[in-house]
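Undergrad: The sequence and its predicted three-dimensional model are supplied below.
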Amino acid sequence: MDTPIFEKYLLGRANRGDTILIEYKPSYPVEDFSWGILLPALAGRYGVVVADFFGVGDILFRNYARRISGREYSRVIELIKRIKVVKIGPGSASYGEVIEEVVPAYDPQTFLKNYHAVIGKMSRSPVKPEYFVTFGLSHYIHFGGDEAMKSILTGISTIPMEDWVGIHFINKDVLRKEHLAMLEEIASMVFQVSEEGLKARKEGGTIDTGRG
């Protein structure tokens, strides 16, 4: 893909404290974009923490890693060593360094306690992360319903993440339209990634990811 365009529209416009949604359909191989483009770009130049709900990020990483080889595989393996991981719920994390393991909570009080602990851990890291990326957030909301959504809103409004940019991969078909609307409302930017490229649904126009 055209790296300058990618950095200008997705990364160049993002400020610390911004929340960015990257929405995708379940039939789209989102690992090609997440692990093939975005995370290597971030890990190569910035501090990155990945919050992995139920091991979704790990599954996507393994899907991607099985399809690459040679120099590309070696490059990705070296880059992921720089990623810090917060593991939320069951599942493994075969990439990066696990800095925290959290049991999923759906009531706002417990969620806020866990959220505060994770933010504190990130703030005390010797290398301050500039990006906070999540996988499986839509699954967490699906399992927890309205309580999960209430917990997320409580956490964001109580302890805003002003020191880094939040990028959240969202499987649109997992969520109820009301929950997706709530996430889009509080997001600074909303993108949709597909075979046709990266399309900005909130802020900007259409950006070619170079897959075609």
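TA: Great, that's in hand.
Undergrad: how about the helices in this protein?
TA: For the chain, applying DSSP state H gives helices covering 3-6, 30-33, 39-43, 56-65, 70-80, 108-123, 137-158, 177-186.
Undergrad: Let me have those in JSON lines, adding mean pLDDT as columns.
TA: Listed next are these as JSON lines, based on pLDDT from 0 to 100:
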{"stretch": "helix 3-6", "mean pLDDT": "53"}
{"stretch": "helix 30-33", "mean pLDDT": "94"}
{"stretch": "helix 39-43", "mean pLDDT": "88"}
{"stretch": "helix 56-65", "mean pLDDT": "95"}
{"stretch": "helix 70-80", "mean pLDDT": "87"}
{"stretch": "helix 108-123", "mean pLDDT": "86"}
{"stretch": "helix 137-158", "mean pLDDT": "94"}
{"stretch": "helix 177-186", "mean pLDDT": "96"}
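Undergrad: got TSV for those helices, with mean neighbour count and distance to residue 86 too?
TA: From N, CA and C alone the C-beta is placed, and that goes for glycine too. Converted to TSV, those look like this (neighbours: other CB atoms under 10 Å; distance: least, CB to CB, whole Å):
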stretch	mean neighbour count	distance to residue 86
helix 3-6	14	25
helix 30-33	22	19
helix 39-43	21	15
helix 56-65	20	10
helix 70-80	14	15
helix 108-123	16	5
helix 137-158	18	12
helix 177-186	14	19
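Undergrad: Residue 21 is nearest to which of those?
TA: helix 177-186 (6.1 Å; CB to CB).
Undergrad: Of the helices of the chain, give the one that comes closest to residue 17.
TA: Ranked by CB to CB, the member of those that lies closest to residue 17 is helix 137-158, at 10.4 Å.
Undergrad: From residue 138, how far off is the residue lying closest to residue 142 once chain neighbours are set aside?
TA: Of all residues not flanking residue 142 in the chain, residue 174 sits nearest, at 4.8 Å (CB to CB, 6 or more residues apart in numbering). As defined by CB to CB, to the nearest Å, residue 174 lies at a distance of 4 Å from residue 138.
Undergrad: on that earlier part again, out of the helices of the chain, nearest to residue 20?
TA: Nearest to residue 20 among the helices of the chain is helix 177-186; the distance by CB to CB comes to 10.9 Å.
Undergrad: Quick check: most distant residue from the centroid of this structure.
TA: Largest separation from the mean C-alpha position in the chain: residue 70, at 26.5 Å (CA atoms, centre = their mean).
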